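Visitor: I'll drop the sequence and a predicted model, then ask my questions.
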Amino acid sequence: MGSFADYWEDEILDHLFGKGAYTPPTIYIGLSTVDPADDASGLAEPSGNGYARVTTAAADWNASSSGALANANNITFPEASGSWGTITHFALFDAASAGNMLAHGALGTSKAIGSGDTAEFAVGDIDVTLD
């Protein structure tokens, strides 16, 4: 995992220190062709060609242990109907489109997604850690 986004860091800190209420959102997984940076200023998600963020539920994530958790189920994107470019990063969001980026990280290996390809994170591929 790369890091938590500035937005999520502020939300969590405000909640922990009694400065605001926080309700955990539905988490969506998105892809990016560049490092989105903590403030999401570099985010470059694919557009069109069947691309859509993938919705996750609580059951899609393992319970945390020692400050870390990972996806408990495969996270599978729709089949690409055209090029999505070369995917280098993933990000977690609080909405199916637009919304706030929560966290982001680099892929172990970049992957060009073309027509007919299906991007997928296998169980345990997305690691989220706090230390």
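Guide: It's in.

Visitor: can you give me the helices for the protein?
Guide: Counting by DSSP state H, the chain has helices at residues 6-16.

Visitor: flag the shaky bits of it, pLDDT-wise.
Guide: Across the chain, the ranges flagged by pLDDT under 70 are 1.

Visitor: buried residues, the strand ranked longest in the chain. List them.
Guide: Among the segments of the chain that qualify as a strand by DSSP state E, the longest is strand 101-113. If you call a residue buried by 16 or more other Cβ atoms under 10 Å, then strand 101-113 has these buried ones: M101, L102, A103, H104, G105, L107, I113. Quick note: C-beta positions are derived from backbone N, CA and C, even for glycine.

Visitor: now stretch 24-32
Guide: Within stretch 24-32, the residues scored as buried using 16+ other Cβ under 10 Å are I27, Y28, I29, G30, L31, S32.

Visitor: stretch 47-55 too?
Guide: For stretch 47-55, burial by neighbour count (16+ other Cβ under 10 Å) applies to N49, G50, Y51, R53, V54.

Visitor: same check, this time on stretch 51-68
Guide: For stretch 51-68, a neighbour-count test (16+ other Cβ under 10 Å) marks Y51, R53, V54, T56, D60, W61 as buried.

Visitor: and those residues as CSV, adding distance to A119?
Guide: CSV is the format used below for the buried residues of stretch 51-68 (distance: Cβ to Cβ, whole Å):
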residue, distance to A119
Y51, 9
R53, 11
V54, 9
T56, 15
D60, 16
W61, 19
